[in-house]
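Engineer: Just the structure for this:
(one chain, ligands or ions: 1)
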Amino acid sequence: MSKAGKIIGGIALMAVLLFAVSACGGSDSGTTSNASSSTTPEIKSSKVVMKGSKFDPGDLTVEVGTTVTWSNEDAVAHTVTATGGAFSSGNMDPGTNFGYTFNAAGTFDYACTIHPSMKGKVTVTE
Ligand SMILES: [Cu+2]
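Structural biologist: A predicted model of the protein is given here:
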């Protein structure tokens, strides 16, 4: 009886160890699943950082359909306001973002209305 109990105990221990190993492996592979990316359309995005009262990059070229996100990493508020009125972020406090999707080709000059010398440009290509 005691020998059988020892075997059962051993099997139980192995089961616990196997479970621990498989659970660990499962959580590792879970973050790398990217199987459906080939069938979904590519999401194009680009980022402009606002820092030191400058847009970086100040001159950006993207493809039609790209969403550009401006991120205010400065200590003061800024705006992203298109010269032609295509888009306007309004006041952006430090730490906030503004996104705009460019669905037409062209050149879009913009500036910060608070700091008129703070200028940038997005060129959108087909
Ligand atoms: Cu500004």
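Engineer: use CA for all of it now, contacts and neighbours both
Structural biologist: OK.
Engineer: Name the residues linked to the residue of the chain found nearest the ion by a beta bridge.
Structural biologist: Residue of the chain nearest the ion, by C-alpha to the ion: residue 78 (3.5 Å). Residue 78 forms beta bridges with residue 92, as assigned by DSSP bridges.
Engineer: That one: neighbouring residues, count only.
Structural biologist: 27 (other C-alpha atoms under 10 Å).
Engineer: What is the neighbour count of the residue nearest to residue 51 when sequence neighbours are not counted?
Structural biologist: Spatially, and ignoring its direct neighbours in sequence, residue 51 is nearest to residue 74 (4.5 Å; C-alpha to C-alpha, 6 or more residues apart in numbering). Using other C-alpha under 10 Å, the number of residues around residue 74 comes to 17.
Engineer: residue contacts, residue 74?
Structural biologist: Contact analysis of residue 74 by C-alpha atoms under 8 Å, 6 or more residues apart in numbering lists 50, 51, 52, 53, 94, 95.
Engineer: repeat that with 7 Å
Structural biologist: Counting by C-alpha atoms under 7 Å, 6 or more residues apart in numbering, residue 74 touches 50, 51, 52, 94.
Engineer: Then residue 119?
Structural biologist: Applying C-alpha under 7 Å, 6+ apart, we find residue 119 in contact with 55, 58, 110, 111, 112.
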